[in-house]
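> A structural model of the following input is requested.
(2 chains)
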Protein chains: 2
Amino acid sequence: QIQATSRDGISGIKVVKIPLPPTPSKHQVRVSIKTAGVNFYDLYTCLGLGQNNSFPCALGLEATGVVEDSGQDSGYEVGDRVVVHCPEGGAFSEHVTVDSTHVISLPDSVTFDAAAAITVSYLTAYFALHCAGCLQEHGSVFVHSAAGSVGWAATQLAKQVKGVTVLGTASASKLEAISQNGVDHLISHDQDYLQEVKRLMPDGVSLVLDCLAGQHLAKSQAMLAPFGKVVLLGAKDMILQSGEEVVQTEPVQPFNLIMNNIGVTGLHLNELQKRCPDVFNSAWEEILHLAATSKITPRIHDTYPMAEAAEACRQLRDRLNVGKVILKME
Amino acid sequence: QIQATSRDGISGIKVVKIPLPPTPSKHQVRVSIKTAGVNFYDLYTCLGLGQNNSFPCALGLEATGVVEDSGQDSGYEVGDRVVVHCPEGGAFSEHVTVDSTHVISLPDSVTFDAAAAITVSYLTAYFALHCAGCLQEHGSVFVHSAAGSVGWAATQLAKQVKGVTVLGTASASKLEAISQNGVDHLISHDQDYLQEVKRLMPDGVSLVLDCLAGQHLAKSQAMLAPFGKVVLLGAKDMILQSGEEVVQTEPVQPFNLIMNNIGVTGLHLNELQKRCPDVFNSAWEEILHLAATSKITPRIHDTYPMAEAAEACRQLRDRLNVGKVILKME
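Presented below is the predicted three-dimensional model:
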């Protein structure tokens, strides 16, 4: 299992030998893991900035694999190909035992590699666009870090909606890639993105996916059209909760929302899964179906052996990736 | 014309003789007014709490009437029955000259009385439910003051959406009336409404129309289901802008939005009209069409002669109304 063993960031990430996870009890399955997706959340966790995290701490929110043991009424059989969501971490392991509500069947036509790139990124993008953000036909979406895995997913999902315009930022070297993924208006990280959006869309955009928070939240609000919404993809805000004020996000002023007819909505995938597992799972199924029918195609930036999880995390930290970084069990 | 002549509230409301409004220039019409709707905004205005208002100040946001003079390219002819939106006030008058974008044709089957009860209340409710709040089929809406004119309109419009449940508050004596209007769960002003909503809808509601703001905003957020939204119907927040802290509305904490997967959205009818006249007018047309086909029926609480506008405002201030209070030109 890959653990964050100390608050030292990536250098604290170690491979640790642990006992085989428990035999699944009722409604549980044990999965032999094939691949796993790396997320920014893993970086926060190894900095001690995850939700309630203490060390050592198992890393990894999402994995794919094969059911190797199935508890009573789990609904899965040994040998089933599945995707696993591990909100408490633990996906960077050889095996994991989880509740069957945290598992979903993987269609034959979706590879383990692709599936490891889907769960967190595409679900985040899906809920942000459709449920939190209420994206309509002919709307427009501004995506920060459109070359990141959530930005990549959001671009593809937004382009599924008729007539939607996508505006995205990335470093200059990645603009070509995000353009090919469907971003209509490319904004380089060198540019003043707010000014550029105002020039491109003088009436404002209908939706902003804001994964940066902090001082960006005010700019996100400033680029909205009436009835536009900012969706806060909260990772960085959790930093505040733990007392480390790495990013300071100002509260939202009701008066500004009223006078501009705009809204701000939060999104937290793990909390949603806890409170509405059915909503979570039916979206998950729909997304895997979109992948099975090639309506979406996750881009895998690079694949590392599971034991090199630290190096994989470094790719994200240094913003080297275009799309998803995944881990593979040897 | 009815003016607020001083900051003394209702006692400052006077009938003032003014010259006939100017002959309409290009794209303008002059309307001879038949009826007008009274709004809370009129009360704020006569307390000096309206947007940028100084005294004397013309009252009235909405009126009905007949075009009596038509400027070039106004699109209206003398004798046309119309409804008028006067975001700067002035609807409580014998005549008003306005831009033709502030006017809409009144279908023959909608009476002047009914039309005076529609514009502000039904447009506010419509935009709150559908554009700011993104109400879906089988959703649920909590409406503060469901016997007020916006609450009345919101109940009817929400019940047009398949499977929607409406929860509404009112004073005990008005519960029967709001129930007949379509409110499914009645909550008396004597009750702790947050506790009552949590009991009735333990999973939360999808939408709250919050016309109270202040300390109610935190409660509104606390009753939401994931992906739920509070729509702030801002009148009281404008009070803050003018420096009179009658209602103190706390800023919205991004962290709370994220962890609960909820949103807060503002709505301001006049600002919307300024920025998106087309959106405003097409909704207005749709609502008049709903009235013409009896899909909605505004309730008129009472009708006063125009000269008794002060008494009409008092009905609202003392919360005596169930539905709309309107004024009629003799």
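
> where's residue A:229 relative to residue A:68, distance?
Taking Cβ to Cβ, to the nearest Å as the measure, residue A:229 falls 43 Å from residue A:68. All C-beta atoms are positioned from the backbone trio N, CA, C, and that covers glycine.

> okay, these two: which has more neighbours?
It is residue A:229, of residue A:229 and residue A:68, that has more neighbours when counted by other Cβ atoms under 10 Å in any protein chain shown, with 28 against 17.

> Quick check: beta-bridge partners of the spatially closest residue to the more buried one that is not a sequence neighbour?
Of all residues not flanking residue A:229 in the chain, residue A:263 sits nearest, at 4.4 Å (Cβ to Cβ, 6 or more residues apart in numbering or on different chains). For residue A:263, the beta-bridge partners are residue A:229, residue B:265 (DSSP bridges).

> Residue A:263 reaches residue A:225, doesn't it?
No: counting by Cβ atoms under 8 Å, residue A:263 stays clear of residue A:225, with 11.5 Å between them.

> and those two? which has more neighbours close in?
Using other Cβ under 10 Å as the criterion, residue A:263 and residue A:225 rank with residue A:263 on top: 30 against 21.

> where does chain A dip in pLDDT?
A:234-248 (pLDDT under 70).

> The stretch 201-330 of chain A: helices as residue ranges?
A:216-222, A:235-241, A:254-260, A:269-275, A:277-292, A:309-317 (DSSP state H, counting those that start in this stretch).

> Which of those helices sits closest to residue A:177?
Relative to residue A:177, the nearest member of the helices of the stretch 201-330 of chain A by Cβ to Cβ is helix A:309-317, separated by 15.0 Å.

> What is the closest one packed up against?
strand A:13-15, helix A:40-46, strand A:300-305, strand A:324-328 (3 or more Cβ pairs under 8 Å, 6 or more residues apart in numbering or on different chains; DSSP states H and E).

> Taking the stretch 51-200 of chain A, what residue is nearest to chain B?
Proximity of the stretch 51-200 of chain A to chain B (Cβ to the nearest Cβ) peaks at residue A:134, 3.8 Å away.

> Go ahead and confirm that residue touches residue A:229.
Yes: if you go by Cβ under 8 Å, residue A:134 and residue A:229 touch, sitting 6.7 Å apart.

> Looks to me like residue A:63 is in a strand.
Yes: assessed with DSSP: H, G, I helix; E, B strand; the rest coil, residue A:63 lies in a strand.

> Return the distance of it relative to residue A:115.
From residue A:63 to residue A:115 the distance is 9 Å (Cβ to Cβ).

> okay, and the common contacts of the two?
Common contacts of residue A:63 and residue A:115 (Cβ atoms under 8 Å, 6 or more residues apart in numbering or on different chains): A:35, A:83.

> So for the two, which sits in the more crowded spot?
residue A:63 (30 against 27).

> beta partners for that one?
Beta-bridge partners of residue A:63, as defined by DSSP bridges: residue A:36, residue A:84.

> Pretty sure it sits against residue A:33.
Yes: look at residue A:63 against residue A:33 with Cβ under 8 Å: they come within range, at 4.8 Å.

> Between those two, which contacts overlap?
Listed as contacting both residue A:63 and residue A:33 by Cβ under 8 Å, 6+ apart are A:84, A:91, A:93, A:96.

> Of those, which belong to strands?
Using DSSP state E, the subset of these located in strands is A:84, A:96.

> neighbour-wise, which of the shared contacts of residue A:63 and residue A:33 leads?
Ranked by neighbour count (other Cβ under 10 Å), the shared contacts of residue A:63 and residue A:33 have residue A:91 at the top, with 33 neighbours.

> Spit out the contact partners of that one.
By Cβ under 8 Å, 6+ apart, residue A:91 lies in contact with A:33, A:36, A:37, A:59, A:60, A:61, A:62, A:63, A:84.

> rerun at 7 Å
By Cβ atoms under 7 Å, 6 or more residues apart in numbering or on different chains, the contact set of residue A:91 is A:36, A:60, A:61, A:62, A:63, A:84.

> any idea which of the residues you listed is closest to residue B:318?
Distances from residue B:318 to the contacts of residue A:91, taken by Cβ to Cβ, are shortest for residue A:61, at 56.2 Å.

> I'd say the closest one and residue A:36 touch.
No: contact criterion Cβ atoms under 7 Å: residue A:61 and residue A:36 do not qualify, at 8.5 Å.

> Counting neighbours, go ahead and name the busier of the two.
Neighbours were counted for residue A:61 and for residue A:36 using other Cβ under 10 Å; residue A:36 has more, 32 against 24.

> Residue A:187 in helix, strand or coil?
strand.

> Could I get the contacting residues of residue A:272?
Neighbouring residues of residue A:272 by Cβ under 7 Å, 6+ apart: A:127, A:280, B:226, B:261.

> So for it, what's the nearest residue that isn't a sequence neighbour?
Using Cβ to Cβ, 6+ apart and skipping the chain neighbours, the partner closest in space to residue A:272 is residue B:261 (5.1 Å).

> list the contacts for that neighbour?
A:132, A:266, A:267, A:268, A:271, A:272, B:226, B:227.

> Most neighbours among those, which one?
residue A:132 (31 neighbours).

> Tell me how far that one lies from residue A:142.
From residue A:132 across to residue A:142, the span is 15 Å (Cβ to Cβ).

> Also residue A:72?
Distance of residue A:72 to residue A:142, computed by Cβ to Cβ: 48 Å.

> more neighbours, the two?
Between residue A:72 and residue A:142, counting by other Cβ under 10 Å, residue A:142 is the more crowded of the two (31 against 9).

> So that one sits against residue A:201, correct?
No: if you go by Cβ under 7 Å, residue A:142 and residue A:201 don't touch, sitting 8.4 Å apart.

> What parts of chain A come near chain B?
By the rule Cβ under 7 Å from any Cβ of the partner chain, the part of chain A lying against chain B is A:131-132, A:134, A:213, A:217, A:226-227, A:229, A:232, A:234, A:237, A:240-241, A:249, A:251-255, A:257-268, A:271-272, A:275-276.
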